[in-house]
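>>> Here is the input, now give the coordinates:
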Amino acid sequence: MRTASRRRRGYCFFALLLAGVAARGDLTWQTTRLEFHPAVSDREVKAEFQFTNEGTQPVSIDSVTPGCGCTTTALDKLTYQPGEKGSVKAIFHIGERTGFQDKVISVNIHGIKDPVVLTMATWIPELMRIEPRYLFWRAGEPPVPRIIKLTVLPAARLGRLHVISTNPKFKATLQTLHEGSAYLLIVTPADTTADTSATFAIEALAAPAVPNGPGIPKTFQAFAQITPR
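Numbering: from 1, shown residues only. Take a look at the predicted model:
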């Protein structure tokens, strides 16, 4: 009798456990990773991650959280009925970024501990090579000019380069070697008596996305610092 009673209690517990799982529903994602190769003129990348509630109970999404401030997300509503489809929409703002970018979005589903992780894998074309990107002087050494080489890649089609320094103690002069392809950024500190630093914003216009359209503003960065002995 005791054995039968224990079995009945075990079956009841198992049935309740299954009911709890079913109550959470089941979102099936078409994919959790999308890949993108934007053009030079693109300012943003848009993604849509589609899903279906294939369970027997409604499923609620508590939150959708992007991994960084450069990505925004949108969700049409929070609760989805059995058989209902939905999607998480995301926009990755390219800004000054180049190269491979792996942006993640966490989707927290009500009643489920671990979030669903969505990924936007984006390969942003390189527009300009900056060599070196960082310049250094030791405190007390002669304030001699140092040079950064700027090479515009052919596909970038950048024009009207302009440089702005965040620190007036560093003079930044742009010298053109070959218009549209090669430049020198000559940086000279006023003195090296104290630790200080500067950021140089290298502004340019990329070719427009459409003929006769406005140029696409692009900004690149280089850095200089006077370090202690």
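>>> Where do the helices of this protein begin and end?
2-24 (DSSP state H).
>>> any low-confidence regions in it?
1-25, 208-213 (pLDDT under 70).
>>> Tell me, how many residues neighbour the closest residue to residue 199 other than its chain neighbours?
Residue nearest to residue 199 in three dimensions, not counting chain neighbours: residue 166, with 4.6 Å by C-beta to C-beta, 6 or more residues apart in numbering. (Glycine included, C-beta is placed from N, CA and C.) For residue 166, the neighbour count with other C-beta atoms under 10 Å is 14.
>>> Return the residues in contact with residue 166.
Neighbour list for residue 166: 198, 199, 200, 201 [criterion: C-beta atoms under 8 Å, 6 or more residues apart in numbering].
>>> just residue 173 next, same as before
185, 186, 187, 188.
>>> Can you give the distance from stretch 93-113 to the centre of its chain?
Its chain's average C-alpha position is 8 Å from that of stretch 93-113, according to C-alpha atoms, centre = their mean, to the nearest Å.
>>> now do stretch 70-84
21 Å.
>>> What's the end-to-end length of it?
30 Å (C-alpha to C-alpha, to the nearest Å).
>>> what's the answer for stretch 134-145, then?
13 Å.
>>> which residues sit against that stretch?
Residues from elsewhere that reach stretch 134-145 (C-beta under 8 Å, 6+ apart): 146, 148, 186-195, 222-229.
>>> now with 7 Å?
146, 148, 186-193, 195, 223-229 (C-beta atoms under 7 Å, 6 or more residues apart in numbering).
>>> Enumerate the positions of it that are buried.
135, 137, 143 (16 or more other C-beta atoms under 10 Å).
>>> do stretch 62-75 as well
So for stretch 62-75, counting by 16+ other C-beta under 10 Å, buried means 64, 66, 71, 73.
>>> which residues does the third one bridge with?
Beta-bridge pairing for residue 71 (DSSP bridges): residue 92.
>>> And for residue 124?
Legend: beta-bridge partners of residue 124 under DSSP bridges are residue 99.
>>> for the one 5 residues further on, same thing?
Per DSSP bridges, residues listed as beta-bridge partners of residue 129: residue 151.
>>> So it sits against residue 152, correct?
No - assessed by C-beta atoms under 7 Å, residue 129 is found out of contact with residue 152, at 8.2 Å.
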